[in-house]
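Novice: what's the 3D shape of this:
(chains A and B)
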Number of protein chains: 2
Amino acid sequence: MSGGAPVDFYFEFSSPYGYIASQLVDEVSGRIGREMRWRPFLLGPIFKATGQAPLVDIPLKGDYSRRDFERSARYHGVKLAMPPKFPVGTVAAVRAFYWVHDLDAAQARRLAKSLYAAYFVHGRDIGAPEVVVEIAGSEGIDTAALQAALADAVVKERVKGEVDQAMARGVFGSPYFVVDGEPFWGCDRIPMLEEWVARGGW
Amino acid sequence: MSGGAPVDFYFEFSSPYGYIASQLVDEVSGRIGREMRWRPFLLGPIFKATGQAPLVDIPLKGDYSRRDFERSARYHGVKLAMPPKFPVGTVAAVRAFYWVHDLDAAQARRLAKSLYAAYFVHGRDIGAPEVVVEIAGSEGIDTAALQAALADAVVKERVKGEVDQAMARGVFGSPYFVVDGEPFWGCDRIPMLEEWVARGGW
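Specialist: Numbers count the residues shown, from 1 in each chain, chains lettered A, B, ... in the order given. Model (predicted):
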């Protein structure tokens, strides 16, 4: 990685477009010479605060989206099978991520990839805390310590702070990128983001 | 134009992304060898029916969009100056389009381009019927006949039918393309649409 400030990569674990983006960002990072800072957040509280509904619950747009999830994955060469339970609440997943992150950022990224694969490839219910703990265990993470962390007030506050900060920055969807203060929403904005970095804006 | 069925190009005259698309579709049409069928519609009744709000009225998303309109235009090399009055109701513009269209489809397309330029380049209020009539006049259209057409029950029904049909097809945003039954929403889906046609889907 050379060059400027990292790119903030915001994503929701229950978001198919966030998952697709997670499969693309390593290459994006290489092309633009910027580190990607993975920042899972929760869309639920942001939707509540802004009066939005989950994509698939919106008439017409919901049908379009269901069709587009798998079409977009195939377009990008990403393996995706829509999970039987969708969407799910991902607060346990996000808490696990930040707890691991504050000990070992690289391991948190590996955990994020495993959680996404469990959900969007293997159809597991990552909304269930015990599934999150099991997946973390298979990544070599201390499951007893994680289990305690999921109920820890400090970890809860850590996640709340992340979500509040995301909302304060204007994040309203997943994926959402911020580079040099410039926001880009959606997988389909990645080409524009890359050109923005290459040209230093326009 | 060679090849298969035309692409339906749905757009709302008050939509910046629809305007940007209108500046791109001629080249898209050439590249994919398909005719573009211009189909203005009204987002208002569709938003009402599906419980959606105009983009710029949605918290966070509205701010993002305002920033993104001009950024996207510059990205695509399209001249855009956000009009002082935005959004506006475009029922007169859509009625004018279809009335002209049923007499001369090529002229209707020229009128659509003039209306878009009047609004998104020159900041004129194309929500006002007299402005629509004046612009049509400068395109050589019979303004007295158009004025009568704007109040004609048959023309009103024609437009209502178009909007109903768009909604029945699932159109919920602008621009929206349908090619060989496959829907694509947004300017940023044009590359995917082109690949879809080239590969015959995937």
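
Novice: show me what contacts A:K79?
Specialist: Listed by Cβ atoms under 8 Å, 6 or more residues apart in numbering or on different chains, the contact partners of A:K79 are A:A73, A:V121. (C-beta placed from N, C-alpha, C; glycine too.)

Novice: so which bits of chain A are right by chain B?
Specialist: By Cβ under 8 Å from any Cβ of the partner chain, the residues of chain A that approach chain B are A:46, A:49-52, A:58-61, A:63-64, A:67-68, A:71-72, A:74-75, A:167, A:170-173, A:183, A:185-186, A:188-189, A:191-192, A:195, A:202.

Novice: let's see which of these end up in strands.
Specialist: Those of the residues of chain A next to chain B mapping onto strands are A:P183, A:W185, per DSSP state E.

Novice: of the residues of chain A next to chain B, buried ones?
Specialist: Buried residues within those, counting neighbours by 16 or more other Cβ atoms under 10 Å in any protein chain shown: A:46, A:52, A:58, A:60-61, A:64, A:68, A:71-72, A:75, A:167, A:170-173, A:183, A:185-186, A:188-189, A:192.

Novice: of these, which belong to helices?
Specialist: When DSSP state H is applied, those are split such that A:I46, A:K61, A:Y64, A:D68, A:R71, A:S72, A:Y75, A:M167, A:M192 fall in helices.

Novice: by mean pLDDT, which helix or strand of chain A comes out lowest?
Specialist: Across the helices and strands of chain A, mean pLDDT, DSSP states H and E gives its lowest value to helix A:43-50, namely a mean of 92.

Novice: and that helix, how far out from the chain's middle?
Specialist: 15 Å (Cα atoms, centre = their mean, to the nearest Å).

Novice: could you do stretch A:180-188 as well?
Specialist: Taking Cα atoms, centre = their mean, the mean C-alpha location of stretch A:180-188 is offset from the chain mean by 14 Å.

Novice: send me that stretch as CSV with only the CA atoms.
Specialist: Provided in CSV are the C-alpha atoms of stretch A:180-188 (Å, rounded to 0.1, in the frame of the first residue of the first chain):
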residue,chain,number,x,y,z
ASP,A,180,-10.5,11.6,1.4
GLY,A,181,-13.9,12.8,2.7
GLU,A,182,-15.8,11.8,-0.4
PRO,A,183,-18.6,9.3,0.0
PHE,A,184,-19.5,6.6,-2.5
TRP,A,185,-22.6,4.4,-2.0
GLY,A,186,-23.0,1.0,-3.6
CYS,A,187,-20.9,-1.7,-5.4
ASP,A,188,-21.7,0.1,-8.7
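
Novice: which residues sit against it?
Specialist: Stretch A:180-188 has contacts (Cβ under 8 Å, 6+ apart) with A:4-5, A:17, A:20-21, A:24, A:72, A:76, A:169-173, A:175-178, A:190, A:192-193, A:196-197, A:201, B:64, B:67-68, B:186, B:188-189, B:192.
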